[in-house]
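J.: Below is the sequence, then the predicted model.
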Amino acid sequence: MGEVTLTAADNGWPQGELGVSQAPTLRFENATDAEQLFILERMAWNDQAATAAEVTSLQVFRDLFSSELLRPGEQISVGHLTILFTDLRGSTSFYRELGDAPAFGRVLDHFEALREAIMEENGALVKTIGDAVMAVFRRPISALRAILNAQRQLASPPEGTPPFYLKAGMHQGPCIAVTMND
């Protein structure tokens, strides 16, 4: 595409990534009442190569080769990734009100909903910590879509079951991969 208009609207951002020509004409429009930030990145790589970031952010790779990622203490540069952390809001009171065993069962169900949402967006679940999740994605939009989809599902449970609400934080930037504590 040679000429493209990117619009930030009250109902969200355009879905997916946009491919443009080598010398495009870009126009940015803000159709909201709030200030918006547009970030333009050039992503280019040989189609025949897989980077460490791509491989380590694939759930199937982590499942099949989790013990083979790196020797303990060894580090490699993986470039830019998006890291997503979630935390279950109000889980302490949830355990108190429902009881440990039933609450733990619901927390496991919440992990499954997150795992599915993460995998649907080609992310990888790195680990769970208590009732929190750490996941990685190659693109920020994938992390955002995953958490929004998981939240929609968790906020609309079967009848008679209280909804879950997630807190989430994302960061995109350079990182390294290490294997520690299994």
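T.: Nice, thanks for sending it over.

J.: quick one, phi psi at the closest residue to Leu154 other than its chain neighbours?
T.: Nearest residue to Leu154, sequence neighbours excluded (CB to CB, 6 or more residues apart in numbering): Phe164, at 4.1 Å. Where you see a C-beta, it was placed from the backbone N, CA and C, and this is true even at glycine. Per-residue torsions, Phe164: phi -110, psi 150 (degrees, to the nearest 10).

J.: and Phe164, what is it in contact with?
T.: Leu88, Arg89, Arg106, His110, Leu154, Ala155, Pro157 (CB atoms under 8 Å, 6 or more residues apart in numbering).

J.: Which entries within those meet the buried criterion?
T.: Leu88, Arg106, His110, Leu154 (16 or more other CB atoms under 10 Å).

J.: So which one of those residues is the model least confident about?
T.: Of all the buried ones among the contacts of Phe164, Arg106 carries the smallest pLDDT score, 84.

J.: Rebuild the contacts of Phe164 as a markdown table, extending it with distance to Ser21 and secondary structure.
T.: Output for the contacts of Phe164, formatted as a markdown table (distance: CB to CB, whole Å; DSSP: H, G, I helix; E, B strand; the rest coil):
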| residue | distance to Ser21 | secondary structure |
| --- | --- | --- |
| Leu88 | 45 | strand |
| Arg89 | 45 | coil |
| Arg106 | 50 | helix |
| His110 | 44 | helix |
| Leu154 | 41 | helix |
| Ala155 | 41 | coil |
| Pro157 | 46 | coil |
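
J.: In stretch 155-172, which residues have enough neighbours to count as buried?
T.: Phe164, Leu166, Ala168, Met170, Gln172.

J.: same thing with stretch 122-136?
T.: Asn122, Gly123, Ala124, Leu125, Val126, Thr128, Asp131, Ala132, Val133, Ala135, Val136.

J.: residues contacting the residue nearest the centre of the chain?
T.: Taking CA atoms, centre = their mean, the centroid of the chain lies closest to Ala143, which sits 2.6 Å from it. Neighbour list for Ala143: Thr82, Ile83, Leu84, Glu121, Gly123, Ala135, Phe137, Met170, Gln172 [criterion: CB under 8 Å, 6+ apart].

J.: Backbone dihedrals for Ala103, both of them.
T.: According to degrees, to the nearest 10, Ala103 has phi -60, psi -40.

J.: Now it: closest residue in space that isn't a chain neighbour?
T.: Tyr95 (4.3 Å).

J.: So what's the residue count around the one you found?
T.: 17 (other CB atoms under 10 Å).

J.: and it, how far is that from Arg106?
T.: 10 Å (CB to CB, to the nearest Å).

J.: Can you verify the residue nearest to the centre of the chain is assigned to a strand?
T.: No - counting by DSSP: H, G, I helix; E, B strand; the rest coil, one finds Ala143 to be helix, located in no strand.
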